[in-house]
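J.: I would like the atomic coordinates for the input below:
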Amino acid sequence: MKQRQGDPEAKKAPALTDETTGSLQPWPVGQPAVTSGAVRLVVVAGEHAGRRHTFRDEVVLGRGQDAGFVLDDPQTSRKHARIRRLPDGTYELEDLGSRNGTFVNGERRDRAPLRFGDRIQVGTTLLLFTYVDPAEERLAERQKLEALGRLCAGIAHDFNNLLSVVLASAAYVRGLAGSTPLSDAEVRASLDDLQSAATRAAELTRRLVHFARRAAPSQSVVDLSELCHESLAIARRTFGRAIRIEANVLPRMYVQGDRAQLHQLVLNLLLNARDAMPEGGTLVLELSDGGARPEARLPSAVRLTVRDTGRGMDEQTRARLFEPFFTTKEAGTGIGLATVHEVVVAHGGDIEVTSAPGAGTTFDVWLPKASEDVDDARRKTASDEVLPPEPSRGIVLVVDDDAVVRRSIARLLRADGHEVLEADGGASALARCVVSPEPDLVLLDIDMPEMDGVQCFREIRRLRPSIRVLFVSGHVGTTREQELRAEGAAGFLHKPFDAAGLRVAVQQVLNRQTA
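T.: Reported below is the predicted structural model:
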């Protein structure tokens, strides 16, 4: 029977054993939950005890896949409760009309302020509300920088190869006689090589920026198959040729978690395998359906395996493998595998290591499998967009302080039939926007000296609100992008882009304007 708020029995939490304290007595109230950093929920009783979820501003608890912290608990509602940071920096819990109620320190509450050390019960799951030590955050960031540093040599080698292709092909085309037609086979081959090298360099840069970007922890349905392919692409580009990489990755293996942390998990395991084979060897990555894993209370799991043919470890080393700062490498810090273990635990997973001296090492990671009911919008990319049959033409103002970039964009737009104007900065762009004829669209670089793109955009909106602005940037964050869209930005074109991407973005804006 559904409990009612006025029912005396509803004020008591259901019987539940705290696996951490073994007590049902009221817990002591800790310090007020005021922090500018991250906070954490730790499962102390129920399924996946020990699982952690870190967040900053807000999280929804529930059984549904669209909740921020998904709890595999049939006694919880799909959206059970919300915890959010208030303007004064404190935190508040709100029940979202759940069928079984939300309890704080044993008392049913519809809304309650939170303090560090509070126990929150939803269904049969008991959570500890606590803070994240800033030193822990700094340690995680240090580990990410260490991983990037370990990739640097391989990155430099690969980029040098790509630049060699670009320089050699450009020099060959420039040295041809003026009568050589563009249709000449060698000319076409050189242009193809130029484009291929630039595309590979852009993709490598994109993956590295994604890995290095500092972002607040967030949960979503993550395609671990896609993430493994991204990590493998980095490994193949940056690991030495003495390392042979083999992969067997099943498609559409979904898990619920933080994408950045899971990316770090996979890449750290690959880096560890590489470092275990200084003379070379074989690295194998496999992703499969792990089935049920009762010993870890995982009814359905995805299994990630990373195997190397390196030197292996003895029992004493294997026992200390996940200790922070423990390392057997001369230049290592011992943070990488500790981070792997932290990410696995935080996602309610399990990890096993099999190794022996001279026999290589195998890491097996099991993570809770998420539903495959992923919105089509998650999979939609810019390349899926269909251009209107009759694209609009207009006056386009290209604003970029880099003359080479500006000329390249303008050249493509003119070839598409647009009237193109150019400006080398925010001030000159504003001067051009207030004279007739006004541009229909401004392609605006964000990072420019003196007046940056955001300042210029806001002035354009104030002086000429009818002019559409399409931002162009190589490293704008999601939060900043959302804010600028809310202020009226027509869209974002992320560098690097090709001719098709530029054409799609421009035509979409111009066709919306004329519709």
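J.: going by C-alpha atoms from here, please, whenever you check contacts or count neighbours.
T.: Fine.
J.: for the strand ranked longest in the chain, buried residues please.
T.: For the chain, the strand with the greatest residue count under DSSP state E is strand 281-293. Buried positions in strand 281-293, judged by neighbour count with 16 or more other Cα atoms under 10 Å: Gly281, Thr282, Leu283, Val284, Leu285, Glu286, Leu287, Ser288, Gly290, Ala292, Arg293.
J.: so which elements touch it?
T.: Judged by 3 or more Cα pairs under 8 Å, 6 or more residues apart in numbering; DSSP states H and E, the packing partners of strand 281-293 are strand 243-249, helix 259-275, strand 298-308.
J.: now do the same for it: mean pLDDT, whole number.
T.: Taken as a whole, strand 281-293 has an average pLDDT of 91.
J.: same check on stretch 130-138?
T.: So the average pLDDT for stretch 130-138 ends up being 65.
J.: also stretch 353-361?
T.: Per-residue scores along stretch 353-361 average to 89.
J.: how far off centre is it?
T.: Between the centre of stretch 353-361 and the centre of its host chain there is 32 Å, according to Cα atoms, centre = their mean, to the nearest Å.
J.: kindly report the same for stretch 242-250.
T.: Stretch 242-250 has its C-alpha centroid displaced from the chain centroid by 23 Å (Cα atoms, centre = their mean).
J.: so Leu493 makes contact with Phe471?
T.: Yes: taking Cα atoms under 8 Å as the definition, Leu493 is a contact partner of Phe471 at 6.1 Å.
J.: looking at the two, which one has more neighbours?
T.: Per other Cα atoms under 10 Å, whichever of Leu493 and Phe471 has more neighbours is Phe471, with 24 against 20.
J.: tell me the phi and psi of that one?
T.: Backbone geometry at Phe471, expressed as degrees, to the nearest 10, gives phi -70, psi 150.
J.: which ones are touching it?
T.: For Phe471, the contact set (Cα atoms under 8 Å, 6 or more residues apart in numbering) comprises Leu443, Leu444, Asp445, Ile446, Gly453, Ala489, Ala490, Gly491, Phe492, Leu493.
J.: run through the stretch 201-350 of the chain and note the low-pLDDT ranges.
T.: Along the stretch 201-350 of the chain, the parts satisfying pLDDT under 70 run over 202-219, 296, 322-336.
J.: for the chain, which segments count as helices?
T.: Assigned by DSSP state H, the helices in the chain fall at 134-174, 185-212, 224-238, 259-275, 315-319, 336-346, 376-379, 403-415, 426-433, 453-463, 478-486, 499-514.
J.: tell me what angle the fourth one forms with strand 298-308.
T.: Spelled out, that is helix 259-275. Orientation of helix 259-275 against strand 298-308 (axes from the mean of the first three to the mean of the last three Cα atoms, to 10 degrees) gives an angle of 40 degrees.
J.: can you measure across stretch 459-471, start residue to end residue?
T.: Across stretch 459-471, the terminal residues are separated by 14 Å (Cα to Cα, to the nearest Å).
J.: that one - what's its average pLDDT?
T.: Mean per-residue pLDDT for stretch 459-471: 92.
J.: just the terminal-to-terminal distance for stretch 426-442.
T.: 11 Å.
J.: just give me how far that stretch sits from the chain centre.
T.: 36 Å.
J.: could you give me the average pLDDT of that stretch?
T.: Averaging pLDDT along stretch 426-442 gives 90.
J.: can you list contacts of that stretch?
T.: Residues from elsewhere that reach stretch 426-442, judged by Cα under 8 Å, 6+ apart: 394-399, 423, 448, 450-453, 455-456, 459-460, 463-464, 467-470, 509-510.
J.: select only the buried ones of those residues in ChimeraX?
T.: To isolate the buried members of the contacts of stretch 426-442 in ChimeraX, using 16+ other Cα under 10 Å:
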select :394,395,396,397,398,399,423,448,452,453,456,460,467,468,469,470,509,510
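J.: separation between Pro357 and Asp308?
T.: 12 Å.
J.: who has more neighbours, those two?
T.: The neighbour comparison of Pro357 against Asp308 (other Cα under 10 Å) goes to Asp308, with 28 against 12.
J.: what sits against that one?
T.: If a contact means Cα under 8 Å, 6+ apart, then Asp308 has Ala273, Arg274, Ala276, Met277, Gly281, Thr282, Leu283, Val284, Gly360, Thr361, Thr362 as its contacts.
J.: grab the nearest non-local neighbour of it.
T.: Among residues not flanking Asp308 along the chain, Leu283 sits closest, at 4.7 Å (Cα to Cα, 6 or more residues apart in numbering).
J.: I'd say the one you found and Thr309 touch.
T.: Yes: counting by Cα under 8 Å, Leu283 does reach Thr309; the two are 6.9 Å apart.
J.: got the phi and psi for the residue of the chain lying at maximal distance from its centre?
T.: In the chain, Ser179 marks the outermost C-alpha relative to the chain mean, sitting 49.7 Å out by Cα atoms, centre = their mean. With angles defined as degrees, to the nearest 10, Ser179 sits at phi -90, psi -10.
J.: and the gap between Asp308 and Asp440?
T.: According to Cα to Cα, Asp308 and Asp440 sit 57 Å apart.
J.: rebuild the helices and strands packed on strand 281-293 as TSV, extending it with distance to Asp184.
T.: Converted to TSV, the helices and strands packed on strand 281-293 look like this (distance: least, Cα to Cα, whole Å):
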stretch	distance to Asp184
strand 243-249	38
helix 259-275	43
strand 298-308	47
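J.: residues making contact with stretch 448-465?
T.: Contacts with stretch 448-465, where a contact means Cα under 8 Å, 6+ apart, come from 400-401, 425-427, 429-430, 433-434, 444-447, 467, 469, 471, 488.
J.: same thing but at 6 Å, please
T.: If you take Cα atoms under 6 Å, 6 or more residues apart in numbering as the criterion, stretch 448-465 is touched by Gly426, Asp445, Ile446.
J.: I'd say the second one and Gly474 touch.
T.: Right, the one you point to is Asp445. No: in this structure Asp445 lies outside contact range of Gly474 using Cα atoms under 6 Å: 9.1 Å.
J.: between those two, who's got more neighbours?
T.: Higher neighbour count among Asp445 and Gly474: Asp445, with 28 against 15, using other Cα under 10 Å.
J.: against Gly394, how distant is that one?
T.: Here the criterion is Cα to Cα. By it, Asp445 lies 19 Å from Gly394.
J.: next one: Ala198
T.: Distance, Ala198 to Gly394, using Cα to Cα: 29 Å.
J.: so what's the residue count around Asn272?
T.: Asn272: 16 surrounding residues under other Cα under 10 Å.
J.: tell me the contacts of it?
T.: Per Cα under 6 Å, 6+ apart, neighbours of Asn272: none.
J.: offset the numbering so it begins at 39, please.
T.: Fine by me, first position is 39 from now on; the one you just mentioned is Asn310.
J.: ok, back up a step: specify the beta-bridge partners of the residue nearest to Asp346.
T.: Under DSSP bridges, the beta-bridge partners of Leu321 are Ile283, Asp346.
J.: that one: what's it in contact with?
T.: Counting by Cα under 6 Å, 6+ apart, Leu321 makes contact with Ile283, Arg345, Asp346.
J.: burial count for Ile121?
T.: 21.
J.: ok, it touching Asp133?
T.: No: with contact defined as Cα under 6 Å, Ile121 does not reach Asp133; the gap is 8.9 Å.
J.: sorry, back to before: ok, the contacts of Leu321 vs Val378, which is closest?
T.: Distance to Val378 across the contacts of Leu321 (Cα to Cα) is lowest for Arg345, with 15.0 Å.
J.: number of nearby residues for the closest one?
T.: Residues near Arg345, counting by other Cα under 10 Å: 22.
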